[in-house]
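Participant: Structure of the sequence below:
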Amino acid sequence: MPEASRVIRLGLIQHACPPDRSREENVEHAVGMIHQAAAGGATLVATQELFTGFYFPQTENEFRFDLAESIPGPTTDRLCSVARERQITITASLFEKRAQGLYHNTSVMIDPRGTIMGKYRKMHIPDDPRFFEKYYFTPGDLGWKVFETERARAGLLVCWDQWYPEAARLTCLAGAQILFYPTAIGWYHGETPEDRVAQRESWITIQRSHAISNGVYVAAINRVGVEDDLTFWGSSFVCDPWGRIVQQADPETEQVLIVDCDLDNIETARRGWPFLRDRRIDAYQDLCRRYVD
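Facilitator: This next block holds a predicted model:
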């Protein structure tokens, strides 16, 4: 790793979640990859969205609520142990059972002492064919969350949040230097090759734009493999404050992506492109309206 104290090494965990693999097996599979990331020098490791199992919101099924768990709970207990053992920070995406009949899509942040620093509940919830998340998840109520880790201020957002510039901007205004987007996104099997290319490129482009317009690093972590009627396109990546892709994973295979991020680049980018300075905060009132008729 470079010697500069402002450099943080990220580890992104991209893997498959076969429907016939149990939650415990998936967690241990991911834990093995977290150990690989730590062995490679990563000090902040991130999982993909809902990493403990298959992407269950493809259908509406009341029995799939049984997949949820409390936070703290068995998965966070396991991750806290790994974070403490490896002296690393871990952010992980989970299906949270908050109370009877109340569930969230939640990311947690765990520090090197093995303590849960806090959590973020996904704010934007999709409801589309094969992505019936509104059936399962209550919209988040914790606001935009930024965590002061040992080397960087990390902002947590989740998947569908990545399409909204407001979410990225507000999280960055709260001090985030790196935006994390754990993701479960893929193609359904009836789409044309042209549509597949367009969708994947749109997914990459929107997140690169958040990096540019806010002058921050962005880390997107997606899954791979075929689950029911979806093929997940992987392609996890990190881009810098100019939107340049620093490293990107393969679209089809499991991978531990290890990426160095020099936080001094944030100051350099913001001096050259002072978008935060030039914002007209006196003229944005209509952003709080659904539509300007």
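Participant: Any idea how far stretch 156-173 is from the middle of the chain?
Facilitator: 10 Å (Cα atoms, centre = their mean, to the nearest Å).
Participant: For it, buried residues please.
Facilitator: Neighbour counts using 16 or more other Cβ atoms under 10 Å place 156-163, 167-172 of stretch 156-173 among the buried residues. Bear in mind the C-beta positions are built from the backbone N, C-alpha and C, glycine included.
Participant: Straight-line length of it, end to end?
Facilitator: Using Cα to Cα, to the nearest Å, the end-to-end distance of stretch 156-173 comes to 13 Å.
Participant: I'd like the mean pLDDT over it, please.
Facilitator: On average, the pLDDT along stretch 156-173 is 98.
Participant: Then stretch 185-194?
Facilitator: Mean pLDDT, stretch 185-194: 95.
Participant: again, but for stretch 132-143
Facilitator: 98.
Participant: for the buried residues of stretch 156-173, which one is nearest P126?
Facilitator: Of all the buried residues of stretch 156-173, W160 has the smallest distance to P126: 4.7 Å, by Cβ to Cβ.
Participant: Can you tell me which of the buried residues of stretch 156-173 end up in helices?
Facilitator: Those of the buried residues of stretch 156-173 mapping onto helices are 167-172, per DSSP state H.
Participant: could you dump those residues to a markdown table with distance to D66?
Facilitator: Shown next, in a markdown table, are those (distance: Cβ to Cβ, whole Å):
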| residue | distance to D66 |
| --- | --- |
| A167 | 30 |
| A168 | 34 |
| R169 | 37 |
| L170 | 34 |
| T171 | 32 |
| C172 | 37 |
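Participant: so which two of these are the farthest from each other?
Facilitator: A167 and C172 (9.7 Å).
Participant: S235 contacts Q199, doesn't it?
Facilitator: No. Counting by Cβ atoms under 8 Å, S235 does not reach Q199; the two are 11.2 Å apart.
Participant: Would you mind telling me which of those two has the busier surroundings?
Facilitator: S235 (21 against 15; other Cβ atoms under 10 Å).
Participant: longest helix anywhere in this protein?
Facilitator: Per DSSP H, the chain has its longest helix at helix 193-214.
Participant: Tell me which helix or strand comes right after it.
Facilitator: The element immediately downstream of helix 193-214 (helix or strand, assigned by DSSP states H and E) is strand 217-221.
Participant: who does that following strand pair up with?
Facilitator: Strand 217-221 has the following sheet partners, assigned by DSSP bridges: strand 178-182 (parallel), strand 237-239 (antiparallel).
Participant: could you dump the buried residues of stretch 156-173 to TSV with distance to R270?
Facilitator: Putting the buried residues of stretch 156-173 into TSV (distance: Cβ to Cβ, whole Å) gives the following:
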residue	distance to R270
L156	21
L157	20
V158	25
C159	27
W160	27
D161	22
Q162	21
W163	24
A167	19
A168	15
R169	14
L170	17
T171	16
C172	10
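Participant: Run through the residues that contact F54.
Facilitator: 17-19, 21, 227-228 (Cβ atoms under 8 Å, 6 or more residues apart in numbering).
Participant: Correction: the previous question concerned F131.
Facilitator: So F131 contacts 57-58 (Cβ under 8 Å, 6+ apart).
Participant: The same query, at a cut-off of 6 Å, please.
Facilitator: Taking Cβ atoms under 6 Å, 6 or more residues apart in numbering as the criterion, F131 is in contact with P57.
Participant: Any regions of this structure where pLDDT drops low?
Facilitator: 1-5 (pLDDT under 70).
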